[in-house]
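Engineer: My questions concern the predicted model and sequence given below.
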Amino acid sequence: MNTKARKVMIIGAGNVGASAAYALLNQNICEELILVDLNQPRAQAHAQDLSDAAAYMPGMMTISCRDASDCADVDIAVITVSGGALKPGQTRLDELHGTARIVHSIVPQMMAGGFNGIFLIATNPCDIITWQVWQLSGLPRNQVIGTGVWLDTTRLRRKLAQDLDIGAQSIDAFILGEHGDTQFPVWSHSSVYGSPIEQVYQRRTGKTLDRQAMAESVRKLGFEIYAGKGCTEYGIAGTIAEICRNVFTGSHRALAISCILDGEYGVSGVAIGVPAVLAQNGIQQVIELQLAPDEQEKFRHSVEVIKANIALLP
């Protein structure tokens, strides 16, 4: 029996980091949570507050604060730091320079501290920062994961499920590409229990599925949430918890996450959202979908945008 405590370090105790910690706690995904933040009083306060919540849980969970370099025993390090809030009209790509500077200072400290776990990047722009962490860490690519388009995929399934009045778990549909403006649904591989999604949509709603409108509504949803409350936190917290659970359980489940490609889809030198199988060593396999010609072009464009921004990294 494996009695090793599962340890998750969350780097950045802002809205996303604190919400992720709460999701991990409530879903009993690990035995130890470690918070890291330059604002140590805030991190300590979150740790105390979370410890109060943990007292109501059936098991035991240790919640503490550390420096990022004290990480040799950590299984998953979740990076949620942010270089600053978005201003009206900005996109996730506008967060690059501020976030990259913070990541550039943190990751080398962690590697010097003996980190050999899995990095999970949940900060924007996700794909570019995932690439940066991989480069800075020197870890094998299977150990560096971005939350990528899994939240976008979940939003697509949720919105389709609402229109169809069925459970989102019944829908097999993916978003691919950048976690940003160039993402796109893979309609050629979208179905409900094996039936093409558009056929089911027509039968159940009496309407033709407007692919473009659906894709646009999913793409804009995060910005609508941000405009209304000044952040997005609960959805990405659930995404982080879901990825951590699938790693710890070795589920071999495929999620649409940001992966470092090395020849898959005919692409190398980029991190981008694609379906990948998760196991206890991180990414076990990147799944290569046979994309329709228009989807291939959208994927190529997304790759170009990500590569252009990778080139801007310090």
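Structural biologist: Sure, I can see it.

Engineer: how many neighbours does the residue lying closest to residue 189 once chain neighbours are set aside have?
Structural biologist: Nearest non-adjacent residue to residue 189, counting by Cβ to Cβ, 6 or more residues apart in numbering: residue 289, 5.6 Å away. The way it works is simple: take the backbone N, C-alpha and C, and place the C-beta from them, glycine included. Using other Cβ atoms under 10 Å, residue 289 has 15 neighbouring residues.

Engineer: mind listing the helices for this structure?
Structural biologist: 15-26, 40-54, 96-112, 126-137, 150-164, 197-205, 211-229, 234-249, 293-310 (DSSP state H).

Engineer: burial measure for residue 265, as a count.
Structural biologist: Residue 265 - counted by other Cβ under 10 Å - has 18 other residues nearby.

Engineer: Check whether it really touches residue 273, as I assumed.
Structural biologist: No. Judged on Cβ atoms under 8 Å, residue 265 makes no contact with residue 273 at a distance of 11.2 Å.

Engineer: any low-confidence regions in the protein?
Structural biologist: 1-3, 83-94 (pLDDT under 70).

Engineer: For it, list the residue farthest from the centre, please.
Structural biologist: Using Cα atoms, centre = their mean, the residue of the chain lying farthest from its centre is residue 206. It sits 34.6 Å away.

Engineer: The most centrally placed residue in the chain and residue 199, how far apart?
Structural biologist: The centroid of the chain falls nearest to residue 147 when counting by Cα atoms, centre = their mean (1.3 Å). Using Cβ to Cβ, to the nearest Å, residue 147 is found at 31 Å from residue 199.

Engineer: Spit out the contact partners of residue 189.
Structural biologist: 172, 173, 174, 289 (Cβ atoms under 8 Å, 6 or more residues apart in numbering).

Engineer: Filter those down to just the buried residues.
Structural biologist: Using 16 or more other Cβ atoms under 10 Å as the burial test, these include 173, 174 as buried.

Engineer: Now, the contacts of residue 189 that are in strands?
Structural biologist: residue 172 (DSSP state E).

Engineer: Which single one of the contacts of residue 189 is nearest to residue 95?
Structural biologist: Using Cβ to Cβ, residue 174 comes nearest to residue 95 of these, at 24.5 Å.

Engineer: correct me, but the closest one touches residue 155?
Structural biologist: No. Contact criterion Cβ under 8 Å: residue 174 and residue 155 do not qualify, at 11.8 Å.

Engineer: what's the span of stretch 114-122, first residue to last?
Structural biologist: One end of stretch 114-122 sits 22 Å from the other (Cα to Cα, to the nearest Å).

Engineer: Just the residues contacting that stretch, thanks.
Structural biologist: Contacts for stretch 114-122 (Cβ under 8 Å, 6+ apart): 16, 20, 71-72, 74-80, 107, 129-130, 133-134, 137, 139, 143-147, 236, 239-240, 243-244, 247, 258, 282.

Engineer: please redo it, this time with the cut-off set to 7 Å
Structural biologist: Stretch 114-122 has contacts (Cβ atoms under 7 Å, 6 or more residues apart in numbering) with 16, 71-72, 74-80, 129-130, 133, 137, 143-147, 236, 240, 243-244, 247, 282.

Engineer: Could you give me the PyMOL selection string for whichever of those are buried?
Structural biologist: Here is the PyMOL command that selects only those of the contacts of stretch 114-122 that count as buried (16+ other Cβ under 10 Å):
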select buried, resi 16+71+74+75+76+77+78+79+80+129+130+133+137+143+144+145+146+147+236+240+243+244+247+282
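
Engineer: picking that back up, would you mind putting the contacts of residue 189 into TSV with distance to residue 190 alongside?
Structural biologist: TSV is the format used below for those (distance: Cβ to Cβ, whole Å):
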residue	distance to residue 190
172	7
173	4
174	8
289	11
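
Engineer: hang on, the earlier thing: next one: the residue nearest to the centre of the chain from residue 70, what distance?
Structural biologist: 24 Å.

Engineer: if we can go back for a sec, my guess is the residue nearest to the centre of the chain contacts residue 239, does it?
Structural biologist: Yes. The pair residue 147 / residue 239 is scored as a contact, 5.0 Å apart, by Cβ atoms under 7 Å.

Engineer: on that earlier part again, tell me which of the helices of the chain is the most buried.
Structural biologist: Highest mean neighbour count among the helices of the chain (mean count of other Cβ atoms under 10 Å): helix 126-137, with a mean of 26.

Engineer: same for it, what does it pack against?
Structural biologist: In terms of contacts (3 or more Cβ pairs under 7 Å, 6 or more residues apart in numbering; DSSP states H and E), helix 126-137 is packed against helix 96-112, strand 118-121, strand 144-146, strand 254-262, strand 268-279, helix 293-310.

Engineer: Send over the second one as CSV, restricted to the C-alpha atoms.
Structural biologist: In this case it means strand 118-121. The C-alpha coordinates for strand 118-121 follow below in CSV (Å, rounded to 0.1, in the frame of the first residue of the first chain):
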residue,chain,number,x,y,z
ILE,A,118,5.4,17.9,-12.1
PHE,A,119,5.0,21.6,-13.0
LEU,A,120,1.3,22.6,-13.6
ILE,A,121,1.1,26.0,-15.1
